[in-house]
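> show me how the following folds:
(chains A and B)
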Amino acid sequence: MQSGMARSYLFYGCRLQSALPLSFASRFVQSNLAPEVVVVRGEVARELADPVWSSPFVSIGGDGAVLIQVEAVGRFLVRGGHTITLHARTGATENEIEAFLMGPVAGVLLHQRGVLPLHASCVEIGGVAIALAGGVGRGKSTLAAALVRRGAALMSDDICPVGFCGSAAPVAIPGSAGLRLWPDAHEVFASTGPAWSPIRPGHAKQVGAVCRGAEPPAPCPLGAVIRLKPDNPAEPAIRRLHGPSAVWPMNDVVYRLRIGRALGRSEGLFSDATRLADELPFFELRRPHGFEQLERTADLILGAIGAAV
Amino acid sequence: MVTRSVTGNEARFAWLASYPRSGNTWLRFLIASLTQGGRAIDINAPGLSALTANRSEFDEFFGIDSTLLTDDEINRARPRLFGLIAGRSKEPLILRKVHDRCLRNPDGQRMFPPEVSRGAVYIVRDPRDVAVSYAHFAGVGIDEAIRRMGDPDMAVPTRREHRAPYFLQLFGTWSQHVRSWLDDAGMPVHLVRYEDLIADAATELARVAGFLGLLPGAASEAAAAVRFEALRAQETERGFRELMNRETRFFRQGRAGAWRSVLSAAQADRLWKDHGEVMTRLGYL
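Okay, here's the model as predicted:
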């Protein structure tokens, strides 16, 4: 568990040096470049002094530090968009710690760094990134898996950072290569990917590294955002969204919008999201529960993207 | 939402609680129509499906991914969620659908805290009709439905079922479920029998309105607008987004006493053996 050697990774667009080995971030080999973010082990207090926002799992301090804690796993203190202090609970596995690093911790870090984190799983197909966006339980990972089966490459599961560079097209940045699926979806895709394991000991959800070829994904232009609506129609349907409705409600598009706002990113997130809607096609996808029509749904997405991008 | 009186910030939750297949969704639509002056209800309209077990509020208000948490971690935190929701909501009455039995979390706290609750409306249905309806709904045989209704560990979704948007919901046995809400909720509970709702929805709805502090004026219009057949017709035409399994339908028959022509004597006896005490108490003889 205690591994002395820090390793370098590409972590949601940042050069990361981590005291904890990560399975779902790609290794970064140009070690002459200084890390932008570090994960260090250390003591983290149970509470922040004078939190401005708190829940049983997350507290935000007046200085913008964020404490994420789960009793059985440990505490993560994220500061300044550059330092993650990990106080692991004795007995917590590296896998479960990573599950929180490549999730809530990464989301907080991106908010602190002023990067727009879409609540989306993202795949690349034909040099264009497609973000599958929506709140918890909408099928983002399942649809990503369906598109990977059709030849797409997974760029990130659940959180898709978006980079804006001057007037260039917005870019999707690779995040977690570990796709997380509930048992029913996992059963459908069990033969995809090298190995699946529970995200935490005894947890029903499975995670597997879904990759295409040996090369890790690189940032690529974001071609479209597909918003997954909570619905259960008989047939899947996709339609283009226009105007402000494309990014409304924003908590369905932006990962942990409340935390971003508490960190002073209200205006930044709003302007990033509306810029995205100005520059890219947004679609709304309604699909039936279950997996029978997954291939048809993938066809619909690929057809809509092909026509629009 | 039109209410007769607005109580304090603290006690604004009302739980629409029932064992599955007991009329909860129907009553929810009746109340929705009542609060909109008796208008017809689109069963697929957003905002009408506030199931307490939905993960999205938890994730949003707590700023964490509940899918990374264990069931115990989730249940330890859930009672605090409702206080947060009440603090941020301007609605004078916050209605939530519940299929869990009224239980305590691993720390011994009530999952549905009385201090935030105006009360609970508990909808009960003859367990013999529940068995028939549940068997159709879950795609299992009637014997299996009866077995599940007598299983103290009964919960959905099961490990293999689709559980992405929802928390584990703990039912327990049908009798445990009824007793937990009627005897141990720690808050005022208004009992509605499904059979009475079928017989006279307007009267039952007006009583529910009185209990919840809603104006009952449009109860007759609501009862007419949200007839079972109307819901069924909508489902036939456009589907129902709360239905997980497309093999079946949500609004099926809406009848009382259908079990008489479906259950075998042995099946009816088994239910009586498992639940006779509570059935007697509720008049299901």
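> give the contact list for whichever residue of chain B sits closest to chain A.
Using C-beta to the nearest C-beta, the single residue of chain B nearest to chain A is B:Pro165, 3.0 Å away. Using the backbone N, CA and C atoms, a C-beta is placed for each residue, glycine as well. Counting by C-beta atoms under 8 Å, 6 or more residues apart in numbering or on different chains, B:Pro165 touches A:Val136, A:Gly137, A:Arg138, A:Pro230, B:Asn54, B:Arg55, B:Ser56.
> isn't the last one up against A:Arg138?
No: under the criterion of C-beta atoms under 8 Å, B:Ser56 is not in contact with A:Arg138, lying 9.2 Å apart.
> what sits closest to the residue in chain A positioned nearest to chain B if chain neighbours are left out?
As assessed by C-beta to the nearest C-beta, chain B sits closest to A:Gly137 within chain A, at 3.0 Å. Leaving aside its chain neighbours, A:Gly137 sits nearest to B:Pro165 (3.0 Å; criterion: C-beta to C-beta, 6 or more residues apart in numbering or on different chains).
> again, but for A:Asp272
For A:Asp272, the spatially nearest residue (C-beta to C-beta, 6+ apart) is A:Leu116, at 4.1 Å.
> next, count neighbours for the one you found.
Counted by other C-beta atoms under 10 Å in any protein chain shown, the residues lying close to A:Leu116 total 25.
> same question, the one 10 residues further on
With neighbours defined by other C-beta under 10 Å, the count for A:Gly126 comes to 13.
> next: B:Glu115.
14.
> give me the distance between it and B:Ala86.
As judged by C-beta to C-beta, to the nearest Å, B:Glu115 and B:Ala86 stand 10 Å apart.
> also A:Pro244?
In terms of C-beta to C-beta, A:Pro244 sits 29 Å off from B:Ala86.
> picking that back up, out of the contacts of B:Pro165, which are inside helices?
B:Arg55, B:Ser56 (DSSP state H).
> so where do the helices sit in chain A?
Ranges of helices in chain A, per DSSP H, are A:94-100, A:106-112, A:140-149, A:183-189, A:257-262, A:266-279, A:294-308.
> most tightly packed of those helices?
Highest mean neighbour count of the helices of chain A: helix A:106-112, a mean of 27 (counted as mean count of other C-beta atoms under 10 Å in any protein chain shown).
> show residues contacting that helix.
For helix A:106-112, contacts defined as C-beta under 8 Å, 6+ apart pick out A:11-12, A:14, A:37, A:58, A:64, A:66, A:68, A:78-81, A:84, A:116-117, A:159, A:161, A:175-176, A:255-256, A:259-260, A:263, A:265.
> again, only using 7 Å
Under the contact criterion C-beta atoms under 7 Å, 6 or more residues apart in numbering or on different chains, helix A:106-112 has outside partners A:11-12, A:37, A:64, A:66, A:68, A:78, A:80-81, A:84, A:117, A:159, A:161, A:175, A:255-256, A:259-260, A:263, A:265.
> which ones among these lie within strands?
Among these, DSSP state E puts A:Phe11, A:Val37, A:Val66, A:Ile68, A:Val78, A:Ile84, A:Pro117, A:Ile159, A:Pro161 in strands.
> quick one, phi/psi of B:Asp240?
Quick fix: residue B:240 reads Phe, not Asp. phi -140, psi 120 (degrees, to the nearest 10).
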